[in-house]
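In: for reference, the sequence and a predicted model appear below.
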Amino acid sequence: MSRILIADDDATIRDVLRIALEQAHHDVVEVADGAAALDAVSEHAPDLIVLDIGMPEMDGLQVCQELRRTHATPVLFLTARSDEIDRIVGLELGADDYVTKPFSPREVVARIKAILKRSAPAPVMDDMLQRGGSRSMRHATCAVSVAIA
């Protein structure tokens with residue numbers, strides 16, 4: 001189960017997203033401003049952050065900039081700002097996706113699922129040792145040994 005942080009000053013939007021994400025079997029943490037979002041990242045270590053841009057205390061762009069200094073947590077901007085320049089700035093600051101309001105909760109959940117799939121660590125292979133003549137290879141470490149005669 002993934003933990004999703006929703007940072008939006010609109011309680012109705014947080015409720016709609018929380019319900020949709022919980023139905024998709026995600027654990028949800030909610031905050032209403034940018035400063036609380038940064039605190040929640042430290043406290044809850046979310047797997048993904050849904051971030052509104054126009055929030056009090058600290059806007060979503062500032063939150064994203066601050067996050068990128070120390071965290072690689074995926075960010076999906078969910079905002080009323082729909083101008084091309086806003087989308088470009090959001091993505092250039094490090095957002096993984098950008099969705100404008102009004103939005104479809106099902107689409108946001110699908111986008112979150114796709115981001116989480118892309119950001120999941122690669123599966124660790126067993127440390128198989130493969131030998132063939134004068135060569136051996138450990139798959140887990142990608143170490144290759146060649147015997148020279």
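Out: Done, it's in. Numbering: from 1, shown residues only.
In: who touches stretch 76-84?
Out: Outside stretch 76-84, the residues within contact range by Cβ atoms under 8 Å, 6 or more residues apart in numbering are 8, 13, 17, 48-54, 60, 64, 86-87, 90, 95-101, 103, 108, 111-112, 115. Where you see a C-beta, it was placed from the backbone N, CA and C, and this is true even at glycine.
In: out of the residues you listed, which are buried?
Out: 8, 13, 17, 48-53, 60, 64, 86-87, 90, 95-99, 103, 108, 111-112, 115 (16 or more other Cβ atoms under 10 Å).
In: just to revisit the earlier point, of the contacts of stretch 76-84, which belong to strands?
Out: Assigned to strands by DSSP state E, the following of those qualify: L48, I49, V50, L51, D97, Y98, V99, T100.
In: the first one bridge partners, please.
Out: By that I understand L48. On the basis of DSSP bridges, L48 is bridged to I4.
In: what spatial separation is found between it and D83?
Out: Noted for L48: a distance of 24 Å to D83, by Cβ to Cβ, to the nearest Å.
In: what does the fifth one give?
Out: Between D97 and D83 the computed distance is 17 Å (Cβ to Cβ).
In: cool, and A72?
Out: 27 Å.
In: ok, now D33?
Out: D33 is 23 Å from D83, by Cβ to Cβ.
In: between its first and last residues, what's the separation in stretch 12-31?
Out: 12 Å (Cα to Cα, to the nearest Å).
In: got the buried residues for it?
Out: 13-14, 16-18, 20-21, 24, 26, 28-31.
In: which residues are contacting it?
Out: 1-8, 32, 37, 39-40, 44, 46, 50, 52, 78, 101, 105-106, 108-109, 112-113.
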